[in-house]
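Q: okay, sequence plus prediction incoming.
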Amino acid sequence: MSLPPISPLEHLGNRPFSFYPPILNVEHNEWFFRRGTWSEILVVNSRDGQEIWIPRRFLGEISQIEDPVVIVGLVKELEYKAGAVWPHQRRVIQMPVAVGDRPRTPPQPLESPAPVIGIRTQSVTDSRMGKLVGFTLLVGAVASFVAVSVFRVGTLKPRVIYKVADPGYLELTHDDDYWAVVRKLGRPADDRWQSETGAI
């Protein structure tokens, strides 16, 4: 059986350290490293002796400065409940506290649901500008359609209709000779031809 990997916390020895962010539902944030396994480390609270197993995947970096104690970073905010630590899930968006200000106590009990506050995603000016651009595009498209329709069929460009005065030539085929053409269309008003002996 192989030994568990050495945790960076083992190098602290008996020196106390604190977690950041602190584990919720635990009053005192000063701990000692007890031992480690492949997947977890066991830490002991310095004030009340409470032992907690913390999964290694939640451990972050260790600070280089030891004033007043070493800080061990956690990659997630943890919460102690039912004898174990769990990732804490915030149900309400918490606004950050201003510099130099301290958190205010809520006017209502914590057990009641948080008030719903409407959050506006875009300003009134942006909404009006978007409507104006959309309306302008719609009017432009309709005006273009009307202009094309008027110039295509309207009085400014009359439609040309081709009319054949004598549609009899449509009865001719490629097999017709001179006499078949005379029979179908009638005698020509004038006959002209060029003699074969003339100049080219």
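A: All right, it came through fine.
Q: domain parsing of this structure, as residue ranges.
A: 8-87, 126-188 (automatic domain parsing).
Q: just name the most buried of the ones you listed.
A: Of all these, domain 8-87 carries the top mean neighbour count, a mean of 15, counting by mean count of other C-beta atoms under 10 Å. From N, CA and C alone the C-beta is placed, and that goes for glycine too.
Q: distance from the chain centre to it, please.
A: The chain centroid and the centroid of domain 8-87 are separated by 38 Å under C-alpha atoms, centre = their mean, to the nearest Å.
Q: how long is that domain from one end to the other?
A: Its start and end residues considered, domain 8-87 measures 22 Å (C-alpha to C-alpha, to the nearest Å).
Q: so which of the domains of the chain gets nearest Ser195?
A: Shortest separation from Ser195 across the domains of the chain is recorded for domain 126-188, at 17.2 Å, computed as C-beta to C-beta.
Q: tell me how far Pro8 lies from Pro188.
A: Pro8 is 114 Å from Pro188, where distance means C-beta to C-beta, to the nearest Å.
Q: just the element for Ile41, please.
A: Element membership for Ile41 (DSSP states H and E) is strand 40-45.
Q: show me what that strand is packed against.
A: Applying 3 or more C-beta pairs under 8 Å, 6 or more residues apart in numbering; DSSP states H and E, one finds that strand 40-45 contacts strand 31-36, strand 51-55.
Q: can you tell which of these is closest to Val148?
A: Val148 lies closest to strand 51-55 among the helices and strands packed on strand 40-45, at 70.1 Å (C-beta to C-beta).
Q: show me where this protein has its helices.
A: 124-153, 178-185 (DSSP state H).
Q: how near is Ile71 to Glu196?
A: 117 Å.
Q: what of Ser144?
A: 63 Å.
Q: let me have the helices and strands packed on strand 40-45 in TSV, adding mean pLDDT and distance to Ile161 as columns.
A: TSV is the format used below for these (pLDDT from 0 to 100; distance: least, C-beta to C-beta, whole Å):
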stretch	mean pLDDT	distance to Ile161
strand 31-36	89	97
strand 51-55	92	88
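Q: redo those as TSV? Include distance to Tyr178.
A: Below are those laid out as TSV (distance: least, C-beta to C-beta, whole Å):
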stretch	distance to Tyr178
strand 31-36	116
strand 51-55	108
